[in-house]
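[1] Sequence first, then the predicted structure:
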Amino acid sequence: MWQSVLIQRALPLTLSWLLLVAASIALDYILHASHLAWIGRYLGIAGTALLVFSFGYSARKKKIVRNGTLKLFLRLHCNAGWLGTLMVLVHSGIHFNALLPWAATACMMAVTASGHVGQYIVRKLREEVKMKKKEAGIENSEDEEAEGTCYWDSITLKALEKWRTVHMPIVSVLLGLCMLHILSVIFFQNWR
């Protein structure tokens, strides 16, 4: 049973994550081949703006923003996060000439991966475990033997429900690295 979670849920998300990487490499190649690599510099700004926009979900969740459904804000969060990450990856391209870009890119990819876990796997697994318990007639049962029928899914769910303990600190580190990058560009770079 635990394989169903890994194969049916993790595989599509892994493919989405790999598609993000492949799309960024392809777009970066197209820009370089077209002698338009300079556009990548500005994609970093647009991508960062989209990533900041994706924080609207957190603002809605904490009721700072009161209009709109949480589901809509989650969808915007996921799409803006994916597209913003794509733009920032194209921005970074193959121009890793310092430690900060490497660290920021690795951190951003970890945020994206952990976001995929929270966005899809946990929600779907929670629904599956609830449905399997209902089918087994152990919805509100405290009987350990009855729980054994859904043991692996329950264990996996409990482990994955802690995804925010990974996602939120990595987001904080990413924000710090992003601010360092922006400040260093302002301080050291000539934008002509």
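    All right, it came through fine.
[2] host element of the residue nearest to the spatial centre of the chain?
    Residue closest to the average C-alpha location in the chain (Cα atoms, centre = their mean): T112, at 2.4 Å. Here T112, judged by DSSP states H and E, is contained in helix 99-116.
[3] which residues are in contact with that helix?
    Here helix 99-116 makes contact (Cβ atoms under 8 Å, 6 or more residues apart in numbering) with 13, 16-17, 20-21, 78, 81-82, 85, 88-89, 92, 95-96, 163, 166-167, 170-171, 173-174, 177-178, 180-181, 184. C-beta coordinates here come from the backbone N, C-alpha and C atoms, glycine included.
[4] Just the buried ones out of those residues, please.
    For these, a burial check counting by 16 or more other Cβ atoms under 10 Å picks out 13, 16-17, 20, 78, 81-82, 85, 88-89, 92, 163, 167, 170-171, 173-174, 177-178, 181.
[5] Going along the chain, name the helices of this structure.
    Remark: helices assigned in the chain by DSSP state H are 2-4, 11-33, 39-53, 56-61, 70-92, 99-116, 123-136, 144-147, 151-160, 164-188.
[6] Need the residues that contact the last one.
    Residues outside helix 164-188 that contact it (Cβ under 8 Å, 6+ apart): 48, 100-101, 103-104, 107-108, 110-111, 114-115, 117-118, 191.
[7] and stretch 83-97, average pLDDT?
    Averaged over stretch 83-97, pLDDT sits at 82.
[8] ugh, wrong one, stretch 173-192
    81.
[9] Just the C-alphas of that stretch, formatted as PDB.
    Output in PDB follows, covering the C-alpha atoms of stretch 173-192 (Å, rounded to 0.1, in the frame of the first residue of the first chain):
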ATOM      1  CA  VAL A 173      16.900  31.200   4.300                       C
ATOM      2  CA  LEU A 174      15.900  31.800   0.700                       C
ATOM      3  CA  LEU A 175      14.600  35.200   1.600                       C
ATOM      4  CA  GLY A 176      17.800  36.100   3.400                       C
ATOM      5  CA  LEU A 177      19.900  34.900   0.400                       C
ATOM      6  CA  CYS A 178      17.700  36.800  -2.000                       C
ATOM      7  CA  MET A 179      18.100  40.000   0.000                       C
ATOM      8  CA  LEU A 180      21.900  39.500   0.100                       C
ATOM      9  CA  HIS A 181      21.900  39.000  -3.600                       C
ATOM     10  CA  ILE A 182      19.800  42.100  -4.300                       C
ATOM     11  CA  LEU A 183      21.900  44.200  -1.900                       C
ATOM     12  CA  SER A 184      25.200  42.900  -3.400                       C
ATOM     13  CA  VAL A 185      23.900  43.700  -7.000                       C
ATOM     14  CA  ILE A 186      22.900  47.200  -5.900                       C
ATOM     15  CA  PHE A 187      26.200  47.800  -4.200                       C
ATOM     16  CA  PHE A 188      28.600  46.100  -6.600                       C
ATOM     17  CA  GLN A 189      27.000  45.900 -10.000                       C
ATOM     18  CA  ASN A 190      26.600  48.500 -12.700                       C
ATOM     19  CA  TRP A 191      23.300  48.000 -14.400                       C
ATOM     20  CA  ARG A 192      24.100  49.600 -17.700                       C
END
